[in-house]
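**Student:** what follows is a predicted protein model with its sequence.
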Amino acid sequence: MTGPRTLAIDIGGTGLKMIVLDPQGSPLTERTRIDTPRPATPDALLAALTQMAASHGDFERTSVGFPGVVRRGVVYTAPNLDEGWSGFDLAQALQDALGRPARVANDADVQGLGVIQGQGVELVITLGTGVGAGLFVDGRLVPNLELGHHPFKGSKTYEQRLGKAAQEARGKKKWARDLLEAIDLLSRIFNFDTLYIGGGNAKKVERMELPLPENVRLVDNVAGLLGGIKLWETPTGA
Ligand code: BGC
């Protein structure tokens, strides 16, 4: 193998996931997962990530998908983690903790980088604890879309209707009905060529065999980690 190995990290509201990838994005270690520590403060997460990284052998750089708004490595929001994240320079902190350069971007944006074709308008939504979204035009990212916090159906937001808590509270059937309605609305707003649905709950959508439009694809949550390679293919990251 030639070229740098990347430690790819996916920070979620429920779980922290990690894997080492070769330059082509093939796994070099087993993917590991632990529950997100609570309270999910910067200190608690950094300690957990540092400990996890120790079991992944050697790597030259780190990529992180983070569940909030991230600009140039600095976190602005983290709705499903902790208030202490606002203004936290996660790229710098990880670089200091792991001793290798680190890049951090919004988790849905990283997921998108791992699955898009780079043609036309491609929208990625992630269904997990929160609801994330990444928009790409001919492969170029419009970062930090934050669609999850936009209104959807009355007084609630996409995240309040399609996030994990909503699914648990209202049951899968109603959740699925709302999802189909959201897909229809999003297709009329963005006129996407392709919509990708990822995140931990994409699996459930697959199992439910919903009647999805033909330009909608379900993608494996592992893409959240594979996109980490792509973060290093531009001069500054996402
Ligand atoms: C956050 C997004 C994130 C999404 C999925 C939302 O609550 O605001 O930034 O992409 O959750 O984790």
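**Tutor:** Happy to help now that I have it.

**Student:** is any part of the worst-scoring helix or strand of the chain on mean pLDDT close to the ligand?
**Tutor:** Lowest on mean pLDDT, DSSP states H and E among the helices and strands of the chain sits helix 223-230, with a mean of 88. No: taking C-beta under 6 Å from any ligand atom as the criterion, helix 223-230 and the ligand are apart, separated by no less than 9.4 Å. Backbone N, C-alpha and C define where each C-beta goes, glycine included.

**Student:** do stretch 16-33 as well
**Tutor:** No: Stretch 16-33 lies out of reach of the ligand by C-beta under 6 Å from any ligand atom, never closer than 12.4 Å.

**Student:** and that stretch, how far from the chain's centre?
**Tutor:** 15 Å (C-alpha atoms, centre = their mean, to the nearest Å).

**Student:** so what's T32 bridging to?
**Tutor:** M18 (DSSP bridges).

**Student:** go ahead and confirm it touches V20.
**Tutor:** No: counting by C-beta atoms under 8 Å, T32 stays clear of V20, with 10.1 Å between them.

**Student:** E122 in helix, strand or coil?
**Tutor:** strand (DSSP: H, G, I helix; E, B strand; the rest coil).

**Student:** contacts only, for it.
**Tutor:** With contacts defined as C-beta atoms under 8 Å, 6 or more residues apart in numbering, E122 is in contact with G112, I116, L135, F136, V137, F192, D193, T194, L195, Y196.

**Student:** out of these, which sit inside helices?
**Tutor:** Among these, the ones falling in helices (DSSP state H) are G112.

**Student:** as JSON lines, the contacts of E122 with neighbour count, pLDDT and distance to K173 would be great.
**Tutor:** Shown next, in JSON lines, are the contacts of E122 (neighbours: other C-beta atoms under 10 Å; pLDDT from 0 to 100; distance: C-beta to C-beta, whole Å):
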{"residue": "G112", "neighbour count": "34", "pLDDT": "96", "distance to K173": "28"}
{"residue": "I116", "neighbour count": "23", "pLDDT": "96", "distance to K173": "31"}
{"residue": "L135", "neighbour count": "21", "pLDDT": "97", "distance to K173": "29"}
{"residue": "F136", "neighbour count": "24", "pLDDT": "97", "distance to K173": "31"}
{"residue": "V137", "neighbour count": "14", "pLDDT": "97", "distance to K173": "35"}
{"residue": "F192", "neighbour count": "20", "pLDDT": "98", "distance to K173": "26"}
{"residue": "D193", "neighbour count": "13", "pLDDT": "98", "distance to K173": "30"}
{"residue": "T194", "neighbour count": "18", "pLDDT": "98", "distance to K173": "26"}
{"residue": "L195", "neighbour count": "20", "pLDDT": "98", "distance to K173": "21"}
{"residue": "Y196", "neighbour count": "25", "pLDDT": "98", "distance to K173": "23"}
